[in-house]
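# whatever this is, show me its structure:
(chains A and B)
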Amino acid sequence: MHGLDRALRFVLPLGILALLATVLLVGWFVQPDRYAQGRSVPQPIPYSHALHAGTLKIPCLHCHSGATRSRMAGVPAVSVCMSCHQVTRTERPAIQLLAELQRTGKVLAWNRVHSLPDHVYFDHRPHAGAGIACQTCHGEIQTLSVVSLRMSMRMGNCLGCHRDPRTALPKESPIRRGPEHCNACHR
Amino acid sequence: MDPNPIDPTPRPWRSLEERAGLPGEPEEFPAGASEAPAGLGRRRFLQLLGASAALAATVACDRKGVPLVPYTRRPTEGVPGVTNFYASAFPEAGKAHPVLVRTREGRPVHVSGHDLGGKAPLRATADLLGLYDPDRLRGPLADGKPISWDQALERLARGFSNGRPVLLVTGASASPTRECLLRDLGEAVPGLEWLSCEGLPGAPVDLRGWKPRLEPVKVLLSLGSDFLAGDDPSLVEAYARRREPGEGMLRLWAAEGSMSLTGANADHRILLKPSQVAAFASALAQALKAGQGVHPAPSDLESGVWGALVEDLRSAGPRALVLCGPALPEAAHRAVHALNRQMGSLGLAFEPEGVASGLRASQVLPRLESGHYGAVLFWGCNPLYTSPEAGRWRSALARVPFRCWMGLQQDETSTACSLLLPEHHWLEAWGDHALSGGRLALQQPVVGALHDSRQGEDVLLALLRTRGKSACSGYFDYLKERWRREVQPPGSAVPFERYFASALHEGLVKARVLIPPIPAAVRESTPVPEYGADAFELLLAPDRRIFDGRYGNNGWLQELPEPVSKTAWGNPLMISPADAHRLSLADGDMVRLDAGPEHLELPVCIQPGQAPGVLSLTLGYGRSHGRVAKGVGVNAFPLLDPAGSGLRTGVALRRLGARMELPRTQGHHRMEGRDILRIQEGGHAHSSHAPHELPSLYPPQVFGEQRWGMVVDLNRCVGCSTCVLACQSENNIPVVGPEQVARGREMHWLRIDRYYEGDPANPRAAHQPMMCQHCDHAPCENVCPVNATNHSPDGLNQMVYNRCVGTRYCANNCPYKVRRFNFLEYNYARKEPELLAHNPEVTVRPRGVMEKCTFCIQRIQDARVRAKLEKRPLKDGDITPACVAACPAGAIVFGDLKDPHSRVVHLAEDPRGYKVLEELGVRPAITYLAALRNPLRGGKS
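This next block holds a predicted model:
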């Protein structure tokens, strides 16, 4: 009797607590990086969006030209960087690395900041085509010298905007809602 | 005997067990359907477990993400993530087909047909896998050791100049430029002899090079010719057009020994032994000559059927056509040719096509044995496998001092050679090919070489260069030079570069190809050999999936069920139900087949409609090379008659007592005898049912702008299964292997059900493509505990893989049995280059997930986004799912059911239209149009 009483009073609540803690802890540690708002990763080239997009006011589409034509906005080819840096700031070591890659044809592997799972097929085209600014999802990128994740890549964030896109869209846009059925993004 | 007796209760059946009402193996879920593979050792099980755990972890976590690697130098064409299309041509055994290749990020991911060149054949779509085959030779080898190309070419040049004659053995090709190159080579290398080696039975040489033209034909009699099998999709296209319901609907007769796809589609089918074809054709000619009145039927044929056939052919006059199966003996070809000439159909119904050129020299073997040659080069052929005299080839080759082999992957012939040169796949190579109707197709590479291989022609050009006979740096220059010289019409105002660029864009040109005249002075008859009536006769023909074995390593093709017998992974011996009963054989019983000195041990498959006394077997199996091909089926090439006919008489059969389970899909997903397939008599459509809306307890579906639907015209569908393969390529459907197929775990989203009707001795057959019906009140949706399958506003039954937990309730509740479950991690065994064949727009499903037809949602979404960007509504025809794009018969039509002007709405209103299992009230989005069969003229219905 005494044993059962102790079990009900202490062991059971403790067990439940331990289970909950385990679930939360494991969940916290294995959650994907794409949920981590504010996360940034070191890159092989210390590229600054604040300089290029902010100070120099180069349009986003100059480098990420896929955003209106392809599902992926794309990372510019080394040759795109070199179209300016052939003559600009050639004394910097990072630019010299680019020139070296251009010459040898070796590849430059950037570290991913924004990632989506394999079963999600986000398409930049309709979003850019509807007039949604890049900053809506990617944050005030023209102020960031190191890119960090401004929006957690959760389905809730996608759906939130799809249900009420007014703040993201230009004022004159006729669009009232985005699609919410599964096949819109999953296939 | 009436060839098609009408069963008093015409209930279609799919297997003999089902017809006899036996429980048999084909239960809805075969025994053990959900168990782990038998013989799965502990180690293998742990491997699978480990692999799936690792994969599950990667799916769930994906913590760091893969690095982002942009181009270093941006290519001039193409944006990453956007598909590019290139016109090219698929060469195969002296024929070629124009194709359209879809590429992503510079790699081909899908092969289909295009508007100008027609649909792509089954094997063109499937051979995408051949490009990424991990078994391909990756670099030149000399005596098993890797060497550089410079060394290899130097060895080749030395081997070719030892002063003795050189033998070049190539596969057949219809390329004029290649022929030109071989002529140049013949001049540069004295004593070069060229053998064009295709091991398959075919028509006599003087009767080749002609392709039937079906447009003017009213009555078609196929004597063992399987022209509907889809080897040439343009024939299926033409046939389907001629089968439009109405007065002029083509009447198709078939007289054959084995059940071919053509026979399965025929209005009337007569059982005829292959040895009797020549006599049958001569009797027909006699009867047609005799005019009205008596014309005695061949002994075992009912006079009513014979009279109707003769009457049909006579009334069509020159618009009647008789086709002869390529595997039949020479006498049959000559008799059929004479018959066509007599009917006057030769000029009307045939058009010239590219002729496979090359010296045909059967004298080569004795010379080879006598040590005549100093060097031999095999290029794109495998005579040590495809020759009936492979043993002679092997021993004769030992007498040749220098043996070089050039090809895609090591095979039986390469084992007898010392210098092995890897060749480009056709998707990596240049070429041109003569097509029918005087057209010329241009083949262009759509991807850079994956391995350290070279184009075969480039190797020969290098030989020419070492002898100072050519200034061309590569085969592309050589080809362009010849096109500048000979192909572009003289005096054309268009600059050559523009002409060539437009040819590249279109994929084919109207060319000045010399059209061979209709052979006038061919020998029209050959004494018909006497055939004994006692023993079996055996008909050997190339397999319609793996052909002569060259695609044996292609899992897609190996797993595609044979359209009539529905067997996969192997070549069982087809035997008639009567013979099987006499010898007390059941499906899968092992037999010993004796043909002269050769014998084979193989399983039998009882084929309804097979003529008694006739056995049939396909070639191309029993390979000893290739990780997929090895050990599948038996090699029937040694049984082939070296003279070139596929018929072997005096064959004996003995039961061995052992059994083997045939990987066969015909009993899977059966329909429990419900009214699923509808066939109507007569060329005119009549309403097959009164459409009525059943009451439903569910609230009606609310649709958005579109509601997708499909119409499948069973009168056009011939069952060729090209759609099944296109679907597999488009949707990343895994290959599961023979053991899994035997358990009913094949993953094809789209299957073709084949039904028989009537007497098993000679049943009538019909085909029905079956895929997810996207029901409005889908029974799968309301049993899913996690809402992983639900309805989209555009009428699709959507499947969400990441929600699925694998309860399989949905599959159990699906009346159409179209849901497929990933019982194992089927993609786990795939090796590196093979993964590149995946379509990047479709998720690769892991173990434990249900999947099914999505109407190619990736294509729908892409078309929708494109329309949105162009600020226009979606048009009818913007979206073509892979099956629709692949179907050579145009039997499948896809579109918006809410658009009153769409083709699919128009077709769905056809009086032949019906919904499968309409009585269940699930409201499917697919309408089937009943098949039509012409009644027997002047006979019973």
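
# who's in contact with B:Ala240?
B:Ala240 makes contacts with B:Arg716, B:Val718, B:Pro888, B:Ala889, B:Gly890, B:Ala891, as judged by C-beta atoms under 8 Å, 6 or more residues apart in numbering or on different chains. Where C-beta positions appear, they are placed from N, C-alpha and C, glycine not excepted.

# quick one: low-confidence residue ranges for the chain.
As the question left the chain open, I've gone with chain A. Low-confidence segments of chain A, defined by pLDDT under 70: A:1.

# look at chain B instead
Using pLDDT under 70, the flagged stretches of chain B are B:1-11, B:21-65, B:199, B:291-296, B:299, B:349-362, B:512-534, B:667-674, B:683-693, B:938-941.

# can I see the domain layout of it?
Using automatic domain parsing, the domains assigned to chain B come out as B:84-124, B:141-202+B:357-510, B:211-352, B:536-659, B:724-749+B:772-881.

# next, the distance between the ends of the second one.
Across its full length, domain B:141-202+B:357-510 reaches 41 Å between end residues, using C-alpha to C-alpha, to the nearest Å.

# which residues of the stretch 651-800 of chain B fall in helices?
Secondary structure of the stretch 651-800 of chain B (DSSP state H, counting those that start in this stretch): helices located at B:722-730, B:738-742.

# quick check: which of the ones you listed is buried the most?
Neighbour counts (mean count of other C-beta atoms under 10 Å in any protein chain shown) averaged over each of those peak at helix B:722-730, with a mean of 26.

# who does that helix touch, helix- and strand-wise?
The contact analysis (3 or more C-beta pairs under 8 Å, 6 or more residues apart in numbering or on different chains; DSSP states H and E) places helix B:722-730 against strand B:107-112, helix B:122-126, helix B:555-559, strand B:751-757, helix B:882-886.

# so what are the domain limits for chain A?
If you go by automatic domain parsing, chain A breaks into A:1-30, A:36-74+A:113-187, A:76-109.

# right, so of those, which gets closest to B:Arg104?
For B:Arg104, the closest of the domains of chain A is domain A:36-74+A:113-187, at 10.4 Å, according to C-beta to C-beta.

# how far away from the center of its chain is that closest one?
7 Å (C-alpha atoms, centre = their mean, to the nearest Å).

# for B:Arg592, find the nearest of the helices of the stretch 651-800 of chain B.
Distance to B:Arg592, taken as C-beta to C-beta, is lowest for helix B:738-742 among the helices of the stretch 651-800 of chain B, at 22.0 Å.

# pull the residues that contact the closest one.
For helix B:738-742, contacts defined as C-beta under 8 Å, 6+ apart pick out B:30, B:37-38, B:559, B:568-570, B:632, B:661-665, B:746, B:823-824.

# weed out the non-buried ones from these.
Taking 16 or more other C-beta atoms under 10 Å in any protein chain shown as the criterion, what is buried in the contacts of helix B:738-742 is B:37, B:559, B:568-570, B:632, B:662-665, B:746, B:823-824.

# let's have the residues you listed in CSV, adding distance to chain A.
As requested, the buried ones among the contacts of helix B:738-742 are exported to CSV (distance: C-beta to the nearest C-beta, whole Å):
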residue, distance to chain A
B:Pro37, 26
B:Glu559, 23
B:Ala568, 27
B:Trp569, 30
B:Gly570, 34
B:Val632, 32
B:Leu662, 35
B:Pro663, 30
B:Arg664, 32
B:Thr665, 26
B:Glu746, 22
B:Phe823, 20
B:Leu824, 19
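
# residues of stretch B:649-656 that come out buried?
B:Thr649, B:Val651, B:Leu653.

# how far does it sit from the chain's center?
Once both centres are worked out by C-alpha atoms, centre = their mean, stretch B:649-656 turns out to sit 30 Å from its chain's centre.

# same deal with stretch B:647-662?
Distance, centroid of stretch B:647-662 to centroid of chain: 26 Å (C-alpha atoms, centre = their mean).

# again with stretch B:653-670
The answer for stretch B:653-670 is 23 Å, by C-alpha atoms, centre = their mean.

# ditto for stretch B:881-896
Per C-alpha atoms, centre = their mean, the centroid offset for stretch B:881-896 relative to its chain is 17 Å.

# and if you look at stretch B:189-203?
Distance, stretch centre to chain centre, for stretch B:189-203: 25 Å (C-alpha atoms, centre = their mean).

# in chain A, which residue is closest to the centre?
Centroid-nearest residue in chain A, with C-alpha atoms, centre = their mean: A:His114, separated by 2.4 Å.

# pretty sure A:Ala77 contacts B:Tyr71?
Yes: using C-beta atoms under 8 Å, A:Ala77 is in contact with B:Tyr71, at 3.9 Å.

# so who does the nearest residue in space to B:Met343 that is not next to it in sequence touch?
Take B:Met343 and drop its neighbours on the chain: the residue closest to it by C-beta to C-beta, 6 or more residues apart in numbering or on different chains is B:Ala320, 5.3 Å away. Shown in contact with B:Ala320 (C-beta under 8 Å, 6+ apart): B:Val217, B:Lys218, B:Val219, B:Leu220, B:Leu221, B:Asp312, B:Leu313, B:Arg314, B:Met343, B:Ser345.

# and A:Ile175, what does it touch?
Counting by C-beta under 8 Å, 6+ apart, A:Ile175 touches A:Ala130, A:Pro165, A:Leu169.

# try it again at 10 Å.
A:Pro126, A:Ala130, A:Gly131, A:Ile132, A:Pro165, A:Arg166, A:Ala168, A:Leu169 (C-beta atoms under 10 Å, 6 or more residues apart in numbering or on different chains).

# nearest to B:Ala503, of those residues?
Among the contacts of A:Ile175, A:Pro126 lies closest to B:Ala503 (C-beta to C-beta), at 36.6 Å.

# where does that closest one land in three-state SS?
Secondary structure, DSSP: H, G, I helix; E, B strand; the rest coil: A:Pro126 is helix.

# am I right that it is in contact with B:Glu870?
No: using C-beta atoms under 10 Å, A:Pro126 makes no contact with B:Glu870, being 11.8 Å away.

# which one's more surrounded, the two?
The neighbour comparison of A:Pro126 against B:Glu870 (other C-beta atoms under 10 Å in any protein chain shown) goes to A:Pro126, with 19 against 9.

# got a list of what B:Val66 touches?
A:Ala109, A:Asn111, A:Arg112, A:Ser115.

# ok, now how distant is B:Ile892 from B:Pro212?
Distance, B:Ile892 to B:Pro212, using C-beta to C-beta, to the nearest Å: 25 Å.

# for B:Gly106, same thing?
For B:Gly106, the distance to B:Pro212 - C-beta to C-beta - is 40 Å.

# ranges for the strands of chain A?
Per DSSP state E, chain A carries no strands over any range.

# how about the lengthiest helix in it and chain B, touching?
If you go by DSSP state H, chain A has its longest helix at helix A:12-30. Yes: part of helix A:12-30 sits near chain B under the criterion C-beta under 10 Å from any C-beta of the partner chain, namely A:Phe29, A:Val30.

# hang on, the earlier thing: among the buried residues of stretch B:649-656, which are located in strands?
B:Thr649, B:Val651, B:Leu653.

# wouldn't the last one be in contact with B:Val591 here?
Yes: at 5.5 Å, B:Leu653 and B:Val591 qualify as touching, with contact defined as C-beta under 10 Å.

# now list whatever residues contact both of the two.
Common contacts of B:Leu653 and B:Val591, defined by C-beta under 10 Å, 6+ apart, comprise B:Leu573, B:Ile575, B:Leu583, B:Leu585, B:Val604, B:Leu615.

# redo those residues as a markdown table? Include distance to chain A and secondary structure.
Output for the shared contacts of B:Leu653 and B:Val591, formatted as a markdown table (distance: C-beta to the nearest C-beta, whole Å; DSSP: H, G, I helix; E, B strand; the rest coil):
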| residue | distance to chain A | secondary structure |
| --- | --- | --- |
| B:Leu573 | 43 | strand |
| B:Ile575 | 45 | strand |
| B:Leu583 | 51 | coil |
| B:Leu585 | 47 | coil |
| B:Val604 | 43 | strand |
| B:Leu615 | 46 | strand |
